[in-house]
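Trainee: Need coordinates for the below:
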Amino acid sequence: MRITKVQDVMTRDVVTASPETPFKDLARLMHEHGVGGIPIVHDGRLVGIVTEADLLGAERASVEPRRRRRFLEWFIDRRLLERVERAAQDLRARDLMTREVVRAT
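Mentor: Numbers count the residues shown, from 1 in each chain. As a prediction, the model looks like this:
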């Protein structure tokens with residue numbers, strides 16, 4: 001029986017963002033790339049991760065994945081993005097990210 005290794009299932013072309021990436025750009029990246037999280041990198045070093053749950057808020061974290069995806073698609077609607085941009089103009093990835101990221105080698 002063959003043991004599956006991380007390298008067998010990992011994503012090699014990872015979409016990343018900086019700690020200064022605006023909230024709306026994180027939501028757009030997740031939607032465009034079909035991912036549920038964006039690693040946050042500073043000076044080539046992993047400093048955190050922002051997930052859908054971080055964007056949607058703690059109260060949305062318990063919603064089933066299909067409903068979360070639909071909510072995220074709705075969330076990035078252009079009109080709503082404009083309102084979010086005004087409301088969260090100063091919110092950056094560094095404000096949302098989880099800093100203690102579990103790493104595997």
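Trainee: got any ranges where this structure has weak pLDDT?
Mentor: 58-88, 105 (pLDDT under 70).
Trainee: can you map out the strands along the protein?
Mentor: 37-42, 45-51 (DSSP state E).
Trainee: Which of those sits closest to residue 23?
Mentor: strand 45-51 (9.0 Å; CB to CB). All C-beta atoms are positioned from the backbone trio N, CA, C, and that covers glycine.
Trainee: Distance check, residue 15 against residue 33.
Mentor: 5 Å (CB to CB, to the nearest Å).
Trainee: quick one on the thing from earlier: most packed of the strands of the chain?
Mentor: Mean neighbour count, computed with mean count of other CB atoms under 10 Å, is highest for strand 37-42 among the strands of the chain, reaching a mean of 20.
Trainee: so what's residue 97 up against?
Mentor: Applying CB atoms under 8 Å, 6 or more residues apart in numbering to residue 97 gives the contacts 19, 40, 47, 48, 49, 50, 54.
Trainee: Using JSON lines, lay out those residues together with distance to residue 29.
Mentor: Formatted as JSON lines, those follow (distance: CB to CB, whole Å):
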{"residue": "19", "distance to residue 29": "14"}
{"residue": "40", "distance to residue 29": "11"}
{"residue": "47", "distance to residue 29": "17"}
{"residue": "48", "distance to residue 29": "15"}
{"residue": "49", "distance to residue 29": "13"}
{"residue": "50", "distance to residue 29": "9"}
{"residue": "54", "distance to residue 29": "13"}
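Trainee: Next, give phi and psi for residue 20.
Mentor: phi -90, psi 0 (degrees, to the nearest 10).
Trainee: Counting neighbours, what do you get for the residue nearest to it when sequence neighbours are not counted?
Mentor: Distances taken as CB to CB, 6 or more residues apart in numbering place residue 92 nearest to residue 20, at 5.2 Å, with adjacent residues excluded. Residue 92 has 19 neighbours, counted by other CB atoms under 10 Å.
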